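Student: Have a look; sequence and predicted model below, questions after that.
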Amino acid sequence: MVAHAISESIRQKFPLSSLVLLFSFLAFFRPALLAQESPYIVTYDHYLEEPGSLEVEYFSTFGTQRGGNDFHAFWAEFEYGATAWWTTELYLDGQTTFQDNTVFTGFRWENRFRLLQREHLVNPVLYIEYEQINGADKILKEIEGHDVESDFADSNATLRKEHNHELELKLLLSSSFKGWNVAVNPIVTKNLLPSEPWEFAYAVGASRPLALQASSKRCNFCRENFVAGVEMYGGLGDTQSAGLRDTSHYLAPVVAWNLPSDWTVRVSSGFGLNDNSHRLLLRWGLSREFSGFGEMIGRWFGGGR
Amino acid sequence: MKALSVPFRPAGRFHIAVFAVVVFAIAAFGTYRASAQKGDPAADTIKQSNYAALADAPAKAREKKNPFAGDPQAVAAGGKLFEQHCAECHGMKAGGTRKGPSLLREEVQQATPGTLFWILSNGVVRRGMPVWSKLPEQRRWQIVTFLQSLKAQSSDSPTEKPMPH
């Protein structure tokens, strides 16, 4: 029943013409760069997009909802490596609430800046995001402040009346050692209305490839192509009432499969850790990296050859 | 994400402005990168100075031993990794492209394994080479093993043609 609803919503959201356009876009490039993507969906490590490369990503979140209808939220990410120390990214968000409707819920523009030139034990990256979303946004990419499950129980028509302009700042602290990556992201968010408080949140993750050495042959299913880990994220209140009261938290095993054909598949099942949390946030994503995008744009503007 | 009772206001002009800034940023950097790679003297100077980063490796890092030295399996695995992660900029045969310098030059070929490992791990961020510590240490050493298996070529060896996109 749920599977049917999901497939129906995907069919509605991605008509044939959109698929033709998408695959035409993918066929236009000849990617030659295989990224080693982390499995995290919420947490960020300190690795930025390779300069000149564009990574196109699609993610889905299926969420259970007590006191309302389950939902399927989705977002597209366009992540561009402007330089080796600056990555800029545009998000487009939407969602389908079952027995309700499908809505576009807004956009986000994030920038990540590498603060140190070289690798250190802990590597800091500054994350700055502006988001313009409405209250029906359910991608739950960040759980902030006092976000709780009941915030999402209303109908889309009601939720869409809320309109948020937010600034989000994160300090991405990440360390890689003996094949492991450990990342910690303290987060602060400010709704740009002066009356709104600063909200606090966190995301932490740890991951490791299933095999540290590469084999000499190209393979799809060998262990070296898989990275597994776990992430945990949640809210920490706000400046008016900081702490764990009335906050929600999730623990999510994550897996990434980096295919030699330049595709990456990510899967995560987030389990709510308290009564304020959705019981399940099942996420998956598909991404592909296109090298040479910056050069192509440069040529369009007469900057090359 | 806290609910706000603020009436929805169309913000079309704002959307357009944000989109324009994104496009401008992408275009500006695309243009910058392409012009820096056009084969002008300035670009050549940049490429030359890429090798200078090898001298930045600390003594302790330079002395590190390659655990895969002489291992033919590691050469093959390193070749595969090089093709997947490095060939885009340095060329399929490591001869260099407009995006990245040749790795066949004696500066690279005479560098110690530890120096190459250090460069891979730290990148040359200011000059556009990303940090590759996202690859586990073993894979970085496999790439080093592959690089050191390449025949050294004279410093005036022609660079490869850039890869088509």
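Tutor: Good, I have the coordinates.
Student: Could you use CA atoms for every contact and neighbour count after this?
Tutor: Noted.
Student: Show me what counts as buried in the host helix or strand of residue A:167.
Tutor: For residue A:167, the enclosing helix or strand under DSSP states H and E is strand A:163-177. Neighbour-count burial for strand A:163-177 flags A:163-176 (criterion: 16 or more other C-alpha atoms under 10 Å in any protein chain shown).
Student: ditto for stretch B:67-84
Tutor: Quick answer for stretch B:67-84 (16+ other C-alpha under 10 Å): B:68-69, B:73-84.
Student: How about that stretch and chain A, any contact?
Tutor: Yes: Stretch B:67-84 comes into contact with chain A (C-alpha under 8 Å from any C-alpha of the partner chain), by way of B:73-74, B:76-81, B:84.
Student: shaky segments in chain B?
Tutor: Along chain B, the parts satisfying pLDDT under 70 run over B:1-49, B:151-165.
Student: Tell me which residues are up against the next helix or strand after the strand holding residue A:167.
Tutor: Once strand A:163-177 ends, the next helix or strand along the chain (criterion: DSSP H and E) is strand A:180-191. Strand A:180-191 is contacted from outside by A:43-46, A:144, A:164-176, A:196-209, using C-alpha atoms under 8 Å, 6 or more residues apart in numbering or on different chains.
Student: ok, and which of those reach chain B?
Tutor: By C-alpha under 8 Å from any C-alpha, the members of the contacts of strand A:180-191 lying near chain B are A:144, A:164, A:176.
Student: So what's the residue count around the residue nearest to the first one when sequence neighbours are not counted?
Tutor: Read it as residue A:144. Closest residue in space to residue A:144, ignoring its immediate chain neighbours: residue A:235 at 4.4 Å, by C-alpha to C-alpha, 6 or more residues apart in numbering or on different chains. Applying other C-alpha atoms under 10 Å in any protein chain shown, we find 28 residues neighbouring residue A:235.
Student: element containing residue A:283, please.
Tutor: Going by DSSP H and E, residue A:283 is part of strand A:280-290.
Student: which parts of the helix or strand following that strand are buried?
Tutor: Later in the chain than strand A:280-290, the nearest helix or strand by DSSP H and E is helix A:293-300. Neighbour counts over helix A:293-300 (16+ other C-alpha under 10 Å) mark A:293-299 as buried.
Student: now those in a markdown table, with distance to chain B and pLDDT?
Tutor: Formatted as a markdown table, the buried residues of helix A:293-300 follow (distance: C-alpha to the nearest C-alpha, whole Å; pLDDT from 0 to 100):
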| residue | distance to chain B | pLDDT |
| --- | --- | --- |
| A:293 | 8 | 86 |
| A:294 | 4 | 83 |
| A:295 | 5 | 80 |
| A:296 | 7 | 82 |
| A:297 | 6 | 82 |
| A:298 | 4 | 80 |
| A:299 | 7 | 80 |
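Student: Can I get the helix or strand where residue A:96 lies as CSV, trimmed to CA atoms?
Tutor: Secondary structure assignment for residue A:96, by DSSP H and E: strand A:86-97. Provided in CSV are the C-alpha atoms of strand A:86-97 (Å, rounded to 0.1, in the frame of the first residue of the first chain):
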residue,chain,number,x,y,z
TRP,A,86,34.9,26.7,-2.0
THR,A,87,31.9,24.6,-2.9
THR,A,88,28.5,26.1,-3.7
GLU,A,89,25.3,24.2,-3.8
LEU,A,90,21.6,24.8,-4.8
TYR,A,91,18.8,22.7,-3.3
LEU,A,92,15.2,22.4,-4.6
ASP,A,93,12.8,20.8,-2.2
GLY,A,94,9.4,19.2,-2.5
GLN,A,95,7.2,16.6,-0.9
THR,A,96,4.2,14.5,-1.3
THR,A,97,2.0,13.9,1.7
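Student: just the buried residues of strand A:163-177 now: which is nearest chain B?
Tutor: residue A:163 (5.7 Å; C-alpha to the nearest C-alpha).
Student: Tell me how many other residues crowd the residue nearest to the closest one when sequence neighbours are not counted.
Tutor: Among residues not flanking residue A:163 along the chain, residue A:134 sits closest, at 4.3 Å (C-alpha to C-alpha, 6+ apart). Neighbour count of residue A:134, defined by other C-alpha under 10 Å: 24.
Student: Next step: the buried residues of stretch B:67-84 restricted to helices.
Tutor: B:73-84 (DSSP state H).
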